[in-house]
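Colleague: model this:
(one chain, ligands or ions: 1)
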Amino acid sequence: MNGLMMQQPLLVSSLLTHAERHHGDQQIVSRRVEGDIHRYSYRELAERARRLASALDLLGISEDGCVGTLAWNGYRHLELYYGVSGSGRVLHTLNPRLHADQMSWIANHAEDEVLFFDASFLPQVEAIAERVKSIRHFVLLADRSAMPASSKIPKLLCYEDLIEQANPDFEWPLLDEQRASSLCYTSGTTGNPKGVLYSHRSTVLHSMAVALPDALSCSAAEVILPVVPMFHVNAWGLPYAACMVGAKLVFPGPALDGKSLYELFESEGVTVSAGVPTVWQGLLTYVEAIGRSFSTMHRTIIGGSACPPAMMRAFQENHGVQVLHAWGMTELSPLGTACVLKPSQQRLTTEQRYAIQGKQGRAVFGIDMKIVGADGAELPWDGKTSGELLVRGPWVVGEYLHGEGGSPLVDGWFPTGDVATICPEGFMQITDRAKDVIKSGGEWIGSIDLENIAMSHPAVAMAACIAARHAKWDERPLLIVVKKPGAELSREEVLQFYEGKIAKWWTPDDVVFVDAIPLGATGKMLKQRLREQFQNHLLGERA
Ligand code: AMP
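Modeller: Below is the predicted model:
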C-alpha cells in the first residue's frame with residue numbers, strides 16, 4: 001500500500017519561493033567587482049531571478065540547455081543559481097582559475113549555450129569565445145554604464161539590460177525533481193575533468209542535510225559569508241541552505257585577501273564563514289598582524305583539504321572562533337562528513353578534543369560510508385586500520401556526464417579515492433589521497449599527518465609531504481616547506497620537531513625549502529607537480 005501524502009517535487013525554485021514568502025526582508029550583501037557594496041533583500045533576489053528565467057526564454061535557450069557562469073560570489077551569481085535551475089535549465093559553474101584549454105574543453109563538453117561572466121574575466125572569455133561553438137550569447141554581469149566600449153566578443157550583451165526587459169511575474173515550472181539542476185566538473189588531476197550533474201532532488205536533500213545542527217548548522221539567526229567560491233561545488237551548498245533557512249548572506253566578490261575579508265566580517269556582523277585552509281591562512285596572518293580579533297564570527301567551516309591543527313588552535317584559542325572540520329567532494333554535492341563532537345566527548349581533555357576535531361568527522365544523515373582493503377573487504381571501525389573510503393547516498397554521483405569513464409560505482413558504492421580510518425564512534429579521518437600515500441618498504445605512511453606536524457612549527461607557513469623514490473625502501477617521505485616571512489629554519493630543526501610525535505620511521509628523509517607550493521584551481525596543493533619536480537631527490541642518498 002502506498003502512503004497517501006501529496007506528491008510535491010523537491011525543486012530548487014521552492015527554496016527561493018520559501019525565502020521570498022517567509023524571509024522577504026532578509027538581506028543579501030555583496031562586494032561587487034567594481035569594489036562597492038551592494039545590498040538587497042530575498043524579495044528582490046526572487047524578482048530578479050524570475051526576470052532572468054524569462055530572459056533565458058527570450059534568448060531562445062533550450063528548455064534543458066546548459067547555462068555557463070564565470071563569476072565570483074555575488075548577488076548576480078545567486079540570481080543565476082535560482083533563475084537558471086528554476087526555469088528547468090542546467091547551471092554550469094566554470095572555474096575561472098583553469099587554463100583556457102581546460103576551460104574551453106569543459107564548456108564544449110557541457111555544450112553551454114550561453115555564458116554569463118563578471119567583468120574581471122573578460123580576458124579569459126575572449127580567449128575561449130572562438131573555441132566554444134555551442135555558446136550563442138555572451139552576457140556581461142554588469143550595469144549598462146560598465147559595459148566596455150569595445151570587445152573582441154561580437155554582440156556582447158548587458159545583464160541589466162537583459163533582465164530589465166524580461167517578465168518579473170515569470171512562473172516557476174513544476175518540474176520533475178529528478179531533472180538536472182546544476183553541473184560541476186571534477187578537478188581532473190588525472191585525465192580529463194568529469195561532469196557531475198546534480199538534480200533538483202539531490203540539491204534540495206543536500207541543502208537540508210547541510211543546514212542540520214550537527215552539520216553546518218544554518219539558521220535564520222546566522223550571517224553567512226561563503227568564501228568557498230560559487231564556482232566550486234556550489235559553494236558547498238550554502239547558497240541553497242541559506243535560502244532554505246532565511247539566513248543573511250554576505251558575498252566577498254573577488255576580494256579574498258585577509259584585509260578585505262576581515263573588514264566585511266566586521267562591518268556586516270558575519271557569524272559563520274566557510275573556506276579552504278589556504279584562505280584562512282591569509283586571514284589569520286592579517287588579523288594577527290593588526291592585533292585584532294573577530295567581534296561577531298563564532299564558527300568557521302574548514303574543508304577541501306585537511307585543516308592543520310595549528311590553524312584550529314589559532315582560531316579557537318586566540319580568537320574564540322569554533323572550527324568545524326568538514327569533508328566532501330564534487331561527487332558528493334559536496335558534503336559527506338562534519339566533525340561535531342558528541343555530548344559525551346565534550347567532557348574529554350582539551351588535547352583529546354583536538355585529536356577528534358582534527359578528524360574529518362561523522363557522516364551526515366543520507367551518507368553511508370565504509371572503508372575497504374585492497375581485496376574490497378570491509379575493514380573494522382577501530383580508528384587504526386586504514387583503507388579506501390567508499391560512500392553512497394541520494395546526493396552521491398551515480399555516473400558522470402555522457403557516461404564518461406564508465407560506471408564509477410563498485411557494488412553500488414562510490415570509491416572516493418581517499419584513504420581513511422573510522423573510529424568506533426564513527427569519526428572518519430582522511431590519512432591521504434590514495435595516489436598520495438607514501439609506500440615505504442611495503443608499509444603505508446600518511447602524508448597529511450606529517451604535513452600537519454610541520455605546519456604546527458611556528459616558522460612554517462605551508463608544508464607538503466610527497467613520496468620520493470628511494471633505492472632501498474621504494475618510497476620515502478620528503479617534506480617541502482615554505483617558511484613564514486623572515487623566519488629562520490634549518491632542515492635539522494624541522495626533522496627534530498618530529499621527535500616523539502610520530503613513529504621514528506615515519507620521519508621525512510629530507511626537507512626542501514621553496515618559496516611557494518603550487519596550488520590548483522580549488523586551492524589544494526598540487527602534489528603531482530611537486531612529485532614531478534622532486535621525486536628523484538633522494539635517489540643515491542642513504543640507500
Ligand atoms: P573536490 O572534488 O575538488 O572538492 O576534492 C575532493 C577531495 O578533497 C576529497 O576527495 C579529499 O581528498 C579532499 N578533501 C576535501 N575535504 C577534505 C578534508 N577536510 N580533509 C582532507 N581532505 C579533504
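
Colleague: partners of the lowest-mean-pLDDT helix or strand in the chain, with directions?
Modeller: Ranking every helix and strand in the chain by mean pLDDT, DSSP states H and E puts strand 443-445 at the bottom, with a mean of 84. Strands adjacent to strand 443-445 in the sheet, as given by DSSP bridges, are strand 438-440 (antiparallel).

Colleague: quick one: residue 75 and residue 42 touch, right?
Modeller: No. With contact defined as CB atoms under 8 Å, residue 75 does not reach residue 42; the gap is 10.7 Å. Where C-beta positions appear, they are placed from N, C-alpha and C, glycine not excepted.

Colleague: higher neighbour count, the two?
Modeller: Using other CB atoms under 10 Å, the more surrounded residue of residue 75 and residue 42 is residue 42, with 25 against 21.

Colleague: now do the contacts for the closest residue to the ligand within the stretch 151-300 of the chain.
Modeller: Of the stretch 151-300 of the chain, the residue with the smallest distance to the ligand, taken as CB to the nearest ligand atom, is residue 187 at 4.6 Å. With contact set as CB atoms under 8 Å, 6 or more residues apart in numbering, residue 187 has these partners: 193, 330, 520, 521, 522, 524.

Colleague: repeat that for residue 178.
Modeller: For residue 178, the residues meeting the contact criterion (CB under 8 Å, 6+ apart) are 199, 200, 201.

Colleague: could those residues go into CSV alongside neighbour count and distance to the ligand?
Modeller: Putting those into CSV (neighbours: other CB atoms under 10 Å; distance: CB to the nearest ligand atom, whole Å) gives the following:
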residue, neighbour count, distance to the ligand
199, 23, 18
200, 25, 21
201, 19, 21
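
Colleague: near the ligand, which residues of this structure?
Modeller: Residues of the chain lying near the ligand by CB under 6 Å from any ligand atom: 186-187, 233, 303-306, 325, 327-330, 334, 360, 416-418, 430, 433, 522.

Colleague: circling back: shared neighbours, residue 75 and residue 42?
Modeller: With CB under 8 Å, 6+ apart as the test, residue 75 and residue 42 both reach residue 28.

Colleague: hang on, the earlier thing: what residues sit buried inside the least confident helix or strand of the chain?
Modeller: Along strand 443-445, these residues count as buried under the neighbour rule (16 or more other CB atoms under 10 Å): residue 445.

Colleague: how close does the residue nearest to residue 269 when sequence neighbours are not counted sit to residue 49?
Modeller: Distances taken as CB to CB, 6 or more residues apart in numbering put residue 296 closest to residue 269, at 4.5 Å, once the chain neighbours are dropped. Distance check for residue 296 against residue 49: by CB to CB, to the nearest Å, it reads 28 Å.

Colleague: comparing the two, which shows the higher neighbour count?
Modeller: Here residue 296 and residue 49 are set side by side on neighbour count (other CB under 10 Å), and the busier one is residue 49, at 26 against 12.

Colleague: I'd say that one and residue 87 touch.
Modeller: No. In this structure residue 49 lies outside contact range of residue 87 using CB under 8 Å: 9.1 Å.

Colleague: check contacts around the closest residue to residue 253 other than its chain neighbours.
Modeller: Closest residue to residue 253 in three dimensions, ignoring its sequence neighbours and counting by CB to CB, 6+ apart: residue 31, at 3.9 Å. The neighbourhood of residue 31, defined by CB under 8 Å, 6+ apart, consists of 37, 38, 74, 251, 252, 253, 254, 255, 260, 264.

Colleague: take these and keep only those in strands.
Modeller: Counting by DSSP state E, those place 37, 38, 251 in strands.

Colleague: mind putting those residues into CSV with pLDDT, distance to residue 268 and neighbour count?
Modeller: Supplementary listing: these in CSV, determined by pLDDT from 0 to 100; distance: CB to CB, whole Å; neighbours: other CB atoms under 10 Å:
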residue, pLDDT, distance to residue 268, neighbour count
37, 98, 9, 13
38, 98, 12, 15
251, 98, 10, 25
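
Colleague: in the stretch 51-200 of the chain, mark out all the strands, start to finish.
Modeller: In the stretch 51-200 of the chain, strands defined by DSSP state E, counting those that start in this stretch lie at 66-70, 90-93, 112-117, 137-140, 157-158, 180-185, 195-199, listed in chain order.

Colleague: give me the distance between the second one and the centre of its chain.
Modeller: Going by CA atoms, centre = their mean, to the nearest Å, the spacing between the C-alpha centre of strand 90-93 and its chain's C-alpha centre is 16 Å.

Colleague: mind listing the strands it pairs with, and their directions?
Modeller: Partner strands and pairing direction for strand 90-93 (DSSP bridges) are strand 66-70 (parallel), strand 180-185 (parallel).

Colleague: what helix or strand is the residue in the stretch 401-543 of the chain positioned nearest to the ligand on?
Modeller: In the stretch 401-543 of the chain, no residue comes nearer to the ligand than residue 430, which is 4.3 Å away by CB to the nearest ligand atom. Residue 430 is part of strand 428-433 when elements are defined by DSSP states H and E.

Colleague: from the chain's centroid, how far away is that strand?
Modeller: When distances are taken as CA atoms, centre = their mean, strand 428-433 is centred 17 Å away from the chain's centroid.

Colleague: stretch 415-429 too?
Modeller: For stretch 415-429, the gap between its own C-alpha mean and the chain's C-alpha mean amounts to 19 Å (CA atoms, centre = their mean).

Colleague: tell me the mean pLDDT over it?
Modeller: Mean per-residue pLDDT for stretch 415-429: 97.

Colleague: for it, which positions count as buried?
Modeller: Counting neighbours by 16+ other CB under 10 Å, stretch 415-429 gives 415, 416, 417, 418, 419, 420, 421, 422, 427, 428, 429 as buried.

Colleague: next one: stretch 266-279
Modeller: Along stretch 266-279, these residues count as buried under the neighbour rule (16+ other CB under 10 Å): 268, 270, 271, 272, 273, 274, 275, 276, 277, 278, 279.

Colleague: quick check: the second one touching residue 264?
Modeller: So the one you mean is residue 270. Yes. Under the criterion of CB under 8 Å, residue 270 is in contact with residue 264, at a separation of 6.9 Å.

Colleague: what is in contact with the two at once?
Modeller: Listed contacts common to residue 270 and residue 264 are 225, 250; contacts here mean CB under 8 Å, 6+ apart.

Colleague: phi, psi of residue 460?
Modeller: Dihedral angles phi and psi of residue 460 (degrees, to the nearest 10) take the values phi -100, psi 130.

Colleague: my bad, should have said residue 477
Modeller: The phi and psi torsions at residue 477 (degrees, to the nearest 10) take the values phi -70, psi 140.

Colleague: picking that back up, now which of the contacts of residue 187 would you call buried?
Modeller: The neighbour count (16+ other CB under 10 Å) marks 193, 330, 520, 521, 522, 524 as buried among these.

Colleague: for residue 282, what are its contacts?
Modeller: For residue 282, the contacting residues are 256, 257, 258, 261, taking CB under 8 Å, 6+ apart as the criterion.

Colleague: could I get the pLDDT score of the second one?
Modeller: Residue 257 carries a pLDDT value of 94.

Colleague: please name the residues that touch it.
Modeller: Residue 257 sits in contact with 282, 286, where contact means CB under 8 Å, 6+ apart.

Colleague: re the thing from before, can I get the strands of the stretch 51-200 of the chain in a markdown table with distance to residue 439?
Modeller: Below are those laid out as a markdown table (distance: least, CB to CB, whole Å):
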| stretch | distance to residue 439 |
| --- | --- |
| strand 66-70 | 40 |
| strand 90-93 | 36 |
| strand 112-117 | 41 |
| strand 137-140 | 48 |
| strand 157-158 | 54 |
| strand 180-185 | 30 |
| strand 195-199 | 30 |
